[in-house]
Structures are given as C-alpha cells and as structure tokens.
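Trainee: return a 3D structure for these sequence lines:
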Amino acid sequence: MLSEQEKLDSLTRLGIELNQINDLDILMERVLTRARQFANADAGSIYICQNGFLFFSYTQNDTLHKKLPQGANLIYSTFKIPINTKSIAGYVASTGCALNIPDVYDLEATLPYRFSKQFDETAGYKTQSVLTIPLMTSSKTILGILQIINAQNASGKIVSFSAQDVRMMHHFAAVASVALERAQMTRALILRMISMAEMRDPFETGPHVNRVAGFAVEIYEQWAIRHRIDRTVIDKTRDVLRMAAMLHDVGKVGTSDLILNKPARLNADEYEVMKAHTIQGARLFMHQQSDFDEAAGIVALNHHERWDGQGYPGHIDYRSGLPLTGYMRPDGRAPGKKGTEIPLFGRIVAVADVFDALSTKRTYKEAWNEEEILSQIERGSGSHFDPELVEIFFSRYDMLRAIQKRYCEDAEHL
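Mentor: Just a heads-up that it's a prediction; the model follows:
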C-alpha cells in the first residue's frame, strides 16, 4: 500500500513512464495497473469510447487472479454498453462527472444508473466500493472510462474510496489521458498503413492484425517468463512486438492485385512473387531510428521462415534482394533460415499468423474447424514451428481464444 508521499512521488514519474509505451493495448494495461496501485484497489476496468459506445477493454482483479494457477491470466468476455445514464460507466461518460460509490449494492432508487450484478454472480465476486473517473482529452472529449473497484485499507478490509483518492485519481486520469490520446494516434497511423495493404489484400484487416499481435504478445510473455527475462525487459518488448506484429504483412502493398485476390492457390511463379512481400516489408523499416523500426523489420522479413529451413526468404540481404555472402544454393537462391537462426520475433509471429490464417475464411478456402487447426499446429512442431513455442501455444490456448473473440471480424476496435 503506497503512502501519500509515495503516491505524489509516483505521480510525478507517471507521465514519463506512460509516454514510453506506444501500443494502445499495452498502455491500457499499464494505466489500469498503476491506477489500482495508487488507490490500493483490488480490481478495475477500462472502457474505451467509440461510435457512441463504451467498449469494455481491460479488467484486472487480484482476488480472482489469486485463484488461478501460477502464470495464468484472467480470461474475460468483451462487450460494449451504450453511452447513456443507465449504467455507472455510461453515466460518467455521458456527464463527464466522476462517481465515488461506497457500496454499489446500496444505491438509492431515485438515481438514474444501476449496478449490474451479472459479473459478480458469474465470477463469485463481491463488488462494493467503486470509483469511476472519465478519461478526457485536453478539449474535454471523452476517451473512455477508468473504473477502480474495492478500495482496501492497510489490513486488506474493503473500504470506501477517500476524498484524497478521488483528488489523486483526477490527477492520474489527466496524465493517463494524454498518453492514451497519443497511443490512439499511433494505433490509427498503424491501421492506416494496414489499410493500404488491405486495399490490395482484403484479408489484411484491422481485426486480423490485432489478433496476430495479441497472440504474439501472449506467446512472447510466456516464453520470456520461462527464460527468466527481467520484467522490465518483458514489458518494453511486449510494447514493441505488438506494434511490429501488426505490420507483419505490410509489404503486400507492393504485390499485384491479381496475385493477392486470386480465388485459387497460386502457381509456382505467382508464389515467388508473393514471397517478395517479406523483403518489401523489411525495406520499409530499413532506415531504423527506434526499437520499433528494428522489430518491425525483423517480423516482416522472418515470419515465413520455417524451423526446418524450408521457409522464405532465407539468408538474404533485404536491401539488395541477393543471398548473403556465404549463403547460396546451387540454383542461386538463398537457403532458408533454420532453427534459432530465425529471430525470436519471426518464430513467434509465424505461429500466430498461421493460427489466424487457418481460423479465417479466405478466397481459396473455408475456415478450418478447431480440431483441424490444433492438429496442424501440433504437426508443425519441429518442422514449421519452434517446438517450444508450440508447447506455449497449447498451454495458453484458452487465452488465445479469448483474444480471437475480442478481435472478431465484425467487432469495432481502434
């Protein structure tokens, strides 16, 4: 539990910390974590405002998390609620006024909003004190809602949020809103780049790239925990990897429509043209100015390599398109990278991309059923995919399915 002085000191550092995070999803997780630490809250949620609705974006709950096996994360359903005064979050978004409720089960009947007991009844949880704060831009536009739940005193007893908590969280929300607005702009720019690819390839959609990115981050985090990577490094890498994974196929902007939209499998010559999208994608990030540029180039170039060395483009200089010195087959082409010659990010996105491709309808195929998909991933262990990453894939499959549902094709997401 933070002291008041620790809260003030932490608040002065918060802006710097949050502005080092670029990906919107990763940032929302961090904002929620820090908000709960500030007020010593057991649980909390973030809602993002879009098209007249609040999208339930992230939730955390220490009480429920403690009941899970070590290393497991909460899996939750995504939903949206209208921005009106009938719900607590909707009321705050509608009015721009914070609500500090000591006990949501003891609301006066004359109030316009009500507390939904559905989550508590389903999860076996008891919500009591709730502090709901609007997240606003400098021009007073609502970005979303920050809601923290069940304040705890030093002995762990559930208490009301204090007036000091409310004042502190208003300052917190102002700092967090600046970072969230910037991250939304970054996400919008990335999605515009993807939209260019989508004009050429109708399957390179926002939901597809968000799913691949979400899968990649989940797999990476578990890999990093296994390899005892420092938590600070994990958090920084998750941020960079998520954005890079979204742009894995951006090189398709340079591929012919006749090939991208062909309603059948490609012939040998067409396949060779298609394979060049990895090199074209890497070239977009060749003038590297940040960790993101480096990661995006690595992912674009390597996500079609195979563990057994039968992938592409192989040991190639993406700037010239020629095999690297010392790497050339008799036919003049570069051999594929093999095993750990393939950078980790490439190996991770390979699993994530294939999983999503098999799960999705394409012009030349229907979506596979779940049994077929899992069988194919399992068969690919040690040939197509890094065996350790396949093991992690199956160990985290429930979470990957939750990500899949979160970013379904008909969902609206930033």
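
Trainee: could you give the separation of stretch 43-63 from the chain centroid?
Mentor: Taking Cα atoms, centre = their mean, to the nearest Å, the mean C-alpha location of stretch 43-63 is offset from the chain mean by 14 Å.

Trainee: buried residues, it. List them.
Mentor: By 16 or more other Cβ atoms under 10 Å, the buried positions in stretch 43-63 come out as 43-50, 53-61. For glycine as for every other residue, the C-beta is placed from the backbone atoms N, C-alpha and C.

Trainee: over to stretch 288-306?
Mentor: 292-293, 295-306.

Trainee: so what's the residue nearest the centre of the chain up against?
Mentor: Centroid-nearest residue in the chain: residue 214, 4.2 Å away (criterion: Cα atoms, centre = their mean). Going by Cβ atoms under 8 Å, 6 or more residues apart in numbering, residue 214 touches 25, 242, 400, 403, 406-407.

Trainee: what subset of those is buried?
Mentor: Burial by neighbour count, 16+ other Cβ under 10 Å: within those this picks out 25, 242, 400, 403, 406-407.

Trainee: tell me the mean pLDDT over the longest helix anywhere in the chain?
Mentor: The longest helix of the chain (DSSP state H) is helix 163-200. Throughout helix 163-200, pLDDT has a mean value of 86.

Trainee: and the next helix or strand after it, what's buried?
Mentor: The element immediately downstream of helix 163-200 (helix or strand, assigned by DSSP states H and E) is helix 206-226. Neighbour-count burial for helix 206-226 flags 206-224 (criterion: 16+ other Cβ under 10 Å).

Trainee: go on, stretch 384-404?
Mentor: Using 16+ other Cβ under 10 Å as the test for burial, stretch 384-404 gives 384-386, 389-390, 392-393, 396, 399-400, 402-404.

Trainee: got a pLDDT number for the nearest residue to residue 395 once chain neighbours are set aside?
Mentor: Computed as Cβ to Cβ, 6 or more residues apart in numbering, the closest residue to residue 395 that is not its neighbour in sequence is residue 222, at 6.9 Å. Looking at residue 222, its pLDDT reads 96.

Trainee: how far away is residue 222 from residue 348?
Mentor: Distance of residue 222 to residue 348, given as Cβ to Cβ, to the nearest Å: 10 Å.

Trainee: do the same with residue 130
Mentor: 38 Å.

Trainee: those two: who's more crowded?
Mentor: residue 348 (29 against 25; other Cβ atoms under 10 Å).

Trainee: OK, contacts around the more buried one?
Mentor: Per Cβ under 8 Å, 6+ apart, neighbours of residue 348: 216, 219-220, 223, 241, 245, 389.

Trainee: per-residue pLDDT, it?
Mentor: Listed pLDDT for residue 348 reads 98.

Trainee: now it: which helix or strand?
Mentor: Going by DSSP H and E, residue 348 is part of helix 344-359.

Trainee: now residue 157: how far from residue 129?
Mentor: Distance, residue 157 to residue 129, using Cβ to Cβ: 11 Å.

Trainee: more crowded one of the two?
Mentor: Using other Cβ under 10 Å as the criterion, residue 157 and residue 129 rank with residue 129 on top: 22 against 8.

Trainee: how about the more buried one, what does it touch?
Mentor: 101-104, 149-151, 158-161.

Trainee: by neighbour count, which of those wins?
Mentor: Among these, the one with the most neighbours (other Cβ under 10 Å) is residue 149, at 26 neighbours.

Trainee: which strand or helix spans that one?
Mentor: Secondary structure assigned from DSSP H and E places residue 149 in strand 142-152.

Trainee: what ranges do the helices span in the stretch 251-400 of the chain?
Mentor: 257-260, 268-275, 277-283, 291-302, 344-359, 370-379, 387-395, 397-406 (DSSP state H, counting those that start in this stretch).

Trainee: now do the fourth one: which elements does it pack against?
Mentor: So the one you mean is helix 291-302. helix 231-246, helix 277-283, helix 344-359 (3 or more Cβ pairs under 8 Å, 6 or more residues apart in numbering; DSSP states H and E).

Trainee: among those helices, which comes closest to residue 83?
Mentor: Closest of these to residue 83 is helix 231-246, at 27.4 Å (criterion: Cβ to Cβ).

Trainee: quick one: that closest one to helix 344-359, angle?
Mentor: 50 degrees (axes from the mean of the first three to the mean of the last three Cα atoms, to 10 degrees).

Trainee: circling back: mind checking how far the residue nearest to the centre of the chain is from residue 57?
Mentor: 12 Å.

Trainee: what sits in contact with each of those two?
Mentor: Residues within reach of residue 214 and of residue 57 at once, by Cβ under 8 Å, 6+ apart, are residue 25.

Trainee: what's the neighbour count on the residue nearest to residue 166 when sequence neighbours are not counted?
Mentor: Spatial nearest neighbour of residue 166, excluding adjacent residues (Cβ to Cβ, 6+ apart): residue 100 at 5.4 Å. By the criterion of other Cβ under 10 Å, residue 100 has 17 neighbours.

Trainee: please settle this for me: is residue 100 part of a strand?
Mentor: Yes - assigned with DSSP: H, G, I helix; E, B strand; the rest coil, residue 100 falls within a strand.

Trainee: do you know how far it is from residue 130?
Mentor: Per Cβ to Cβ, residue 100 is found 8 Å from residue 130.

Trainee: also residue 388?
Mentor: Using Cβ to Cβ, we find residue 388 at a distance of 42 Å from residue 130.

Trainee: what sits against the nearest residue to residue 173 once chain neighbours are set aside?
Mentor: Using Cβ to Cβ, 6+ apart and skipping the chain neighbours, the partner closest in space to residue 173 is residue 133 (4.7 Å). Contacts for residue 133 (Cβ under 8 Å, 6+ apart) come out as 92, 98, 145-147, 169-170, 172-173.

Trainee: can you rerun that using 6 Å?
Mentor: Listed by Cβ atoms under 6 Å, 6 or more residues apart in numbering, the contact partners of residue 133 are 98, 146, 169, 173.

Trainee: show me the domain layout of the protein.
Mentor: Domain ranges of the chain: 4-184, 201-406, per automatic domain parsing.

Trainee: reformat those domains into CSV and put distance to residue 191 next to each item.
Mentor: CSV is the format used below for these (distance: least, Cβ to Cβ, whole Å):
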stretch, distance to residue 191
domain 4-184, 10
domain 201-406, 5
